[in-house]
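Visitor: Sequence plus the predicted model coming up.
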Amino acid sequence: MNNRTVRWGIVTTGRITHTFIKDIALVNNAEVVAVAARSGANAKIFAETYGIPNAYEGYDKLFSDPNVDAVYIASPHTLHIQQAVSALQAGKHVLCEKPVTTSVNDLNLLISIAKQNNCFFMEAMWTYFLPAIQRAQRWVEEGRIGKLLHVRADFGYPIEYDPNRREYDYELAGGCLYEMGIYPIALNYLFHKAFIQPTITKYSRAPNGAEDDVVWHIDYGDSHASLHTSFKAKLPNVAHIIGTEGHIVIDEFFRTKQATLFVLDDEVDSFTDNRLGSGFEFQIAHACDCISRGITQSDVVTFDASLHCQRMISALRSPDSQSQNI
């Protein structure tokens, strides 16, 4: 592998891959050399649009391309396991969109295969790399809000019910928990590392059984988390990190550029990043740095972080959790 440049292949040509390829242009040790899709025509159009030298129909040719060092997987959730296994077994490093799998067992399998093949493997939890999120973490670590008492976060957008839509197709891991709930779950993990079963859950289902609105509370003893996700309504999409001496407000935390620190009603500090891209460039740069240095597990989106998210979604989807409706 070229030690200076990581050569990427893109799996699928959906909406999010356009953001990825625009932001990768801001990373000085990365380039896209191939794209693959189920439709060869779609792959060719995508390649021509962005000046990518190779376009493949189907994914096996991408995984076997000796000029590809790493792959970015942005297909629907239920396809991740098969595609990531194939890529890792072919010796490719993998950055896979969230949720990286739809079960704890599948994720453990991918981690095992990545280790066996000495490949870098990371869930694309881009929120963790946003400078404002990292500044908020630093404020908490520095004691700027005192003792942590409460994390509150929500993420939701209205999606009209249609049983044929991927977002609502329960067999394709449809429902708001995998689609949107992954964001507040992941954010909470940055401040509450322990896995605790949700103590109160309000659970609503669409006519086909897919969850469309979920509110849950987690009691950590000395602190709490209150989280919400929804297909029914546009939620504030704000995170509050609350302590005994202050609190942090992060608007649109999943893609935020800014974090603000308050003591009572007074703003005492704020941070705004000056990024040039959409925010994907930070996680891409991190992945490239790890790959170039021979590091196989991120120290930002760790395997434990991804496993925590899977365990939490599984707990919320379990019959025991749903029986706690209020």
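Guide: Nice, thanks for sending it over. Numbers count the residues shown, from 1 in each chain.
Visitor: correct me, but R317 touches E211?
Guide: Yes. Using C-beta atoms under 8 Å, R317 makes contact with E211 at a distance of 7.3 Å. Yep, even glycine has a C-beta here, placed from its N, CA and C like the rest.
Visitor: quick one, which of those two is more surrounded?
Guide: Per other C-beta atoms under 10 Å, whichever of R317 and E211 has more neighbours is E211, with 24 against 18.
Visitor: Tell me the confidence at that one?
Guide: E211 carries a pLDDT score of 95 in this model.
Visitor: what residues are up against the residue most central in space within the chain?
Guide: The residue lying closest to the centre of the chain (C-alpha atoms, centre = their mean) is M125, at 3.0 Å. Shown in contact with M125 (C-beta atoms under 8 Å, 6 or more residues apart in numbering): 98, 186, 283, 301, 305-306.
Visitor: All the helices of this protein, residue numbers only.
Guide: Listed in chain order, the helices of the chain (DSSP state H) span residues 15-24, 40-50, 60-64, 80-89, 104-116, 131-141, 176, 182-189, 280-292, 303-317, 319-322.
Visitor: can you dump the C-alpha coordinates of the first one into CSV?
Guide: Included here for helix 15-24 are C-alpha records, laid out as CSV according to Å, rounded to 0.1, in the frame of the first residue of the first chain:
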residue,chain,number,x,y,z
ARG,A,15,-27.3,9.9,-1.3
ILE,A,16,-24.8,9.7,1.6
THR,A,17,-21.9,8.6,-0.7
HIS,A,18,-22.1,12.0,-2.5
THR,A,19,-21.3,13.7,0.9
PHE,A,20,-18.5,11.2,1.4
ILE,A,21,-16.8,11.8,-1.9
LYS,A,22,-17.1,15.6,-1.7
ASP,A,23,-15.6,15.7,1.8
ILE,A,24,-12.8,13.2,1.0
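Visitor: Around the nearest residue to L227 once chain neighbours are set aside, how many other residues sit close by?
Guide: What sits nearest to L227 in space, not counting adjacent residues and going by C-beta to C-beta, 6 or more residues apart in numbering, is P184, at 4.2 Å. P184 is flanked by 28 other residues according to other C-beta under 10 Å.
Visitor: okay, now the nearest residue to A114 once chain neighbours are set aside: neighbour count?
Guide: In this structure, A114 finds its nearest non-sequential neighbour in F121, 3.6 Å apart by C-beta to C-beta, 6+ apart. F121 sits with 27 neighbouring residues when counted by other C-beta under 10 Å.
Visitor: Now the residue nearest to the centre of the chain: closest residue in space, sequence neighbours ignored.
Guide: Once flanking residues are discounted, M125 sits nearest to V301: 4.7 Å by C-beta to C-beta, 6+ apart.
Visitor: Hmm, F120 and that neighbour touching each other?
Guide: No. Applying C-beta under 8 Å, one finds V301 not in contact with F120, separated by 11.2 Å.
Visitor: In JSON lines, list the helices of the chain along with distance to L148.
Guide: Below are those laid out as JSON lines (distance: least, C-beta to C-beta, whole Å):
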{"stretch": "helix 15-24", "distance to L148": "32"}
{"stretch": "helix 40-50", "distance to L148": "43"}
{"stretch": "helix 60-64", "distance to L148": "43"}
{"stretch": "helix 80-89", "distance to L148": "33"}
{"stretch": "helix 104-116", "distance to L148": "27"}
{"stretch": "helix 131-141", "distance to L148": "6"}
{"stretch": "helix 176", "distance to L148": "27"}
{"stretch": "helix 182-189", "distance to L148": "11"}
{"stretch": "helix 280-292", "distance to L148": "25"}
{"stretch": "helix 303-317", "distance to L148": "17"}
{"stretch": "helix 319-322", "distance to L148": "24"}
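Visitor: Any idea which of the ones you listed gets closest to T244?
Guide: Smallest distance to T244 across the helices of the chain (C-beta to C-beta): 11.9 Å, for helix 131-141.
Visitor: Run the angle between the closest one and helix 182-189 for me.
Guide: Put simply, helix 131-141 runs at 30 degrees to helix 182-189, going by axes from the mean of the first three to the mean of the last three C-alpha atoms, to 10 degrees.
Visitor: Only the buried residues of helix 131-141, if you could.
Guide: 131-137, 139-140 (16 or more other C-beta atoms under 10 Å).
Visitor: tell me which of those residues is nearest to A84?
Guide: Looking across these and measuring by C-beta to C-beta, the closest to A84 is I133, at 25.1 Å.
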